[in-house]
Every structure is written in structure tokens, then in C-alpha cells.
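> One predicted model, sequence on top.
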Amino acid sequence: MTQVPLSTSTTASNGAINQDPGPELMLECRHLGKVYSQGPEEVMVLEDVNLQVFAGERIAIVGSSGSGKTTLLNLLGGLDLPTKGDVLVAGMNLASLNETQRGQMRNRYLGFVYQFHHLLGEFTALENVCMPLLIAGLDVRRAAQRGEAILARVGLGHRLEHKPSELSGGERQRVAIARALVTEPRCVLLDEPTGNLDRHTAREIHLLMAELNTQLATSFIVVTHDEEFARSLDKVLLLRNGRLEPQVTMDGGADGR
């Protein structure tokens, strides 16, 4: 995998050196820790986790079941607050925001895709996708236009009026991905997005994510047990004993930048 430079220098016509700031730092966590209380005991789930995610970067997080991967995603997305440390999204420290402000930040900057799609069964595919736009205050007509466009992009332009029960597993997950992308978030967090799909459908979802990443320069942070898929991303990190570390490949090298 190729190292992407964080900054480069160019020389202007007048001889001055211009500093290229390089890719934008989209999401960062510093010395993140999470402890849960179980009766009189405290259970450490995450300890001193550090991570930087740049615009357009695709990162896989792997680890055994129960290692804290979903907990980490929830902290990165502001769905939960850390016991210690900081999470910054687009330069904003989530700890400095109240609950309403964190919700607004998520709606503007982040998208979420879960292993179980969490679509609302009484609404159509289009209505499910439009929901984040309507929450953000967009009028119904414009929300519908954007919803139709993103559903067409994920290959479901012909399924707008179908409810989740009328869609296949792969189609439901595509709707969930469209819902996550309709607000054009800078970063999408995915928790085992293809864990319940057959290999062929999962492969289609992986290709779709790669295409959308190229087209929209969206960052992806993916929790997955699919090692082949993980290796296709820009960086693979292993969550073990509460800490993130580069995954060691079979040849003994570190997978990731």
C-alpha cells in the first residue's frame, strides 16, 4: 500500500515555497479510553486508542469478537462518550458539544451503516433514505430528488417505492448505504456492513463502496471480520487488548501506513 504524503512543497514563479497542507484530517481520536462498570467491578474496553483518518481514506478495523470494535465506532461517531481522551470530527471536539450539537454534527459530517440495516419497515426505500435530509431541515421535494439520485447510484432507482420487507438482504443494505451517503458526509462508519450477506452480494457491496469512495472522496472506517475485504482498503488496524495497532501480515510486515 502506498504512503500518501501528509504535506508537500511547491515553488511558485516568484521563487517562494508554497506548502501544500495535504489531505484534510477528517476524524481523530487521542488517548481514547472507555471503562464500563459491572457492579463493583470496572471493565476496561479501550485504553489509549489513537487514530487519524484523512479525507478519502479507507480504514479497516479488525479484531476478535468482544474486543471493543463496535464500542470504538460508537465513540468515534459521538453515539457514546469516552471515559477519557478526545474525539475530534472536522476539528470539533465532541466532548465540548451538548447532545443536540452532537446530533447536528453527526447529521452533517458522518454516516452510519450497521450489520443489521435498521431500516424503518413502515417506510419505503426512498422515505428511509430521505429521513436524514428531512431531519436536517431540507424541504420534501429537494430531499426526494437527492434520495432518488443516491438510490439510482447504488443501483436501486427501480425500487424507490418498495418497503424493506419487499427487498432482498443485499438491496436493504444498499438502501442503508444510500441513507448513510445522502447527506454527503465526510466520513462513513460501517459496523460489519456485509456480515449477514452471501459472498456474491457482499462482493457487490464492497465494489459499490470502492466506487463511491472514488467518486465522492468519502472516508470509510469499516469494522469487519472479512480479511480479504479488509486487505483491499488503505489501512488495516487490529484492535487487541483495548489498543489499536497495525495488523501484522503473514510475511511479518505491518499492513497499513
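Thanks, I have the structure now.
> and the longest helix for the protein?
Identified as the longest helix of the chain according to DSSP state H is helix 199-216.
> I'd like to know which elements that helix is packed against.
Applying 3 or more Cβ pairs under 8 Å, 6 or more residues apart in numbering; DSSP states H and E, one finds that helix 199-216 contacts helix 169-181, strand 219-223. Just so you know, the C-beta spots here come from the backbone N, C-alpha and C atoms, and that holds for glycine as well.
> change it to 7 Å
helix 169-181 (3 or more Cβ pairs under 7 Å, 6 or more residues apart in numbering; DSSP states H and E).
> Please spell out which residues along the helix it packs on are buried.
Buried residues in helix 169-181, defined by neighbour count with 16 or more other Cβ atoms under 10 Å: 170-181.
> can you list the residues that contact that helix?
111-113, 117, 119, 125, 128-129, 131-132, 150-151, 154-156, 159, 164, 167, 188, 193, 196-197, 201, 204-205, 208, 212 (Cβ atoms under 7 Å, 6 or more residues apart in numbering).
> Could you figure out how far it is turned away from helix 199-216?
20 degrees (axes from the mean of the first three to the mean of the last three Cα atoms, to 10 degrees).
> Helix 169-181: what's the following helix or strand?
Downstream of helix 169-181, the first helix or strand assigned by DSSP states H and E is strand 187-191.
> Give the rounded mean pLDDT of that following strand.
In this model, strand 187-191 has a mean pLDDT of 89.
> could I get stretch 184-203 in CSV with only the CA atoms?
Extracted C-alpha coordinates of stretch 184-203, given in CSV (Å, rounded to 0.1, in the frame of the first residue of the first chain):
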residue,chain,number,x,y,z
GLU,A,184,-22.8,13.7,1.5
PRO,A,185,-21.0,13.0,4.8
ARG,A,186,-17.2,13.4,5.1
CYS,A,187,-16.8,10.1,6.8
VAL,A,188,-18.9,6.9,7.0
LEU,A,189,-18.7,4.4,9.9
LEU,A,190,-19.6,0.8,9.0
ASP,A,191,-20.1,-2.0,11.5
GLU,A,192,-19.9,-5.4,9.7
PRO,A,193,-21.9,-4.0,6.8
THR,A,194,-21.8,-7.3,4.9
GLY,A,195,-21.7,-9.7,7.8
ASN,A,196,-25.2,-11.1,7.0
LEU,A,197,-24.9,-11.3,3.3
ASP,A,198,-23.8,-14.1,1.0
ARG,A,199,-20.4,-13.8,-0.7
HIS,A,200,-21.7,-12.6,-4.0
THR,A,201,-23.9,-9.9,-2.5
ALA,A,202,-21.1,-8.9,-0.1
ARG,A,203,-18.7,-8.5,-3.1
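> Closest one of the buried residues of helix 169-181 to Gly56?
Nearest to Gly56 among the buried residues of helix 169-181, counting by Cβ to Cβ, is Leu181 at 14.0 Å.
> From the contacts of helix 169-181, which land in helices?
125, 128-129, 131-132, 150-151, 201, 204-205, 208, 212.
> Nearest to Val62 among those?
Distances from Val62 to the ones in helices among the contacts of helix 169-181, taken by Cβ to Cβ, are shortest for Ile205, at 17.4 Å.
> could you list every residue that touches that closest one?
170, 173, 193-194, 197.
> repeat that with 10 Å
Neighbouring residues of Ile205 by Cβ atoms under 10 Å, 6 or more residues apart in numbering: 113, 154, 170, 173-174, 176-177, 190, 193-194, 197, 229.
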